[in-house]
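1. Need a 3D model of the following:
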Amino acid sequence: MMKLFHATVLLVVQHKDGVYLNNKMLLFSVVTLCILILLGFLRWDNLESSADFHYKYDRWAGQKWVDFYPPLAASSNSMEFPLIYRDEINQNDIDKYLGKQALSGELVNKWIERTKLTDGYIGLLLLNILVVIYSSIKIFILRDKK
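-> Model (predicted):
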């Protein structure tokens, strides 16, 4: 009789510890998810704009970018590129600037850096969302089956 009581108490303690750990994991994941979402909103700082140019600053990469809207273009799509070694650009210098930066390889390096940061962020965000879903299922759905 004593062995059965001891085994039952041991199972209850393990079950409660497991639920406690799952609750901690869920709470940690939700807090981390909120922080990641906040960091996503704080990534870009919109700077001055004109009719054809919209400047923005990528806080994660420490890089200024420009969206160029060609005035006579048939669509409203913009051309986006980093500003390297300068703070602004005018329409007459774009071809020369992009040619020079493309030949030096710096233009590609800035795009790769930005892409890596974005992909890492999206990966962490998706992983965190999966952990929240898994923890929620483990706590709320599997709890009812026991």
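
2. Give me the pLDDT for residue 56.
-> Residue 56 carries a pLDDT value of 93.

3. Report the contact partners of it.
-> Residue 56 sits next to 44-47, 64-67 when contact means C-beta atoms under 8 Å, 6 or more residues apart in numbering. Every residue, glycine included, has its C-beta placed from N, CA and C.

4. Show me what counts as buried in the helix or strand harbouring it.
-> Secondary structure assignment for residue 56, by DSSP states H and E: strand 53-58. For strand 53-58, a neighbour-count test (16 or more other C-beta atoms under 10 Å) marks 53-56, 58 as buried.

5. do stretch 85-96 as well
-> For stretch 85-96, the neighbour count (16+ other C-beta under 10 Å) marks 89, 94 as buried.

6. before we move on, the earlier item: among the contacts of residue 56, who's most crowded?
-> Greatest neighbour count in these, by other C-beta atoms under 10 Å, goes to residue 66: 22 neighbours.

7. Looks to me like that residue is in a helix.
-> No - when DSSP: H, G, I helix; E, B strand; the rest coil is applied, residue 66 is found to be strand, with no helix at that position.

8. ok, it - contacts?
-> Here residue 66 is in contact with 53-56, 80-83, 88-89 (C-beta under 8 Å, 6+ apart).

9. same thing with residue 101?
-> Residue 101 neighbours (C-beta under 8 Å, 6+ apart): 81-82, 84, 107.

10. For those, work out which two are farthest apart.
-> For these, the maximum inter-member distance is 9.0 Å, found between 81 and 84 (C-beta to C-beta).

11. Mind listing the shared neighbours of the two?
-> Going by C-beta under 8 Å, 6+ apart, residues that sit against residue 81 and also against residue 84 are 101, 107.

12. When these two are compared, which one has more neighbours?
-> More crowded of residue 81 and residue 84, by other C-beta under 10 Å: residue 81, with 19 against 15.

13. What strands line up against whichever strand or helix holds that one, and which way round?
-> Assessed by DSSP H and E, residue 81 sits inside strand 79-83. For strand 79-83, the paired strands and their directions (DSSP bridges) read strand 63-68 (antiparallel).

14. secondary structure class for the residue most central in space within the chain?
-> In the chain, the residue lying closest to the centroid (C-alpha atoms, centre = their mean) is residue 121, at 3.1 Å. Here residue 121 is helix, with the state taken from three-state DSSP.
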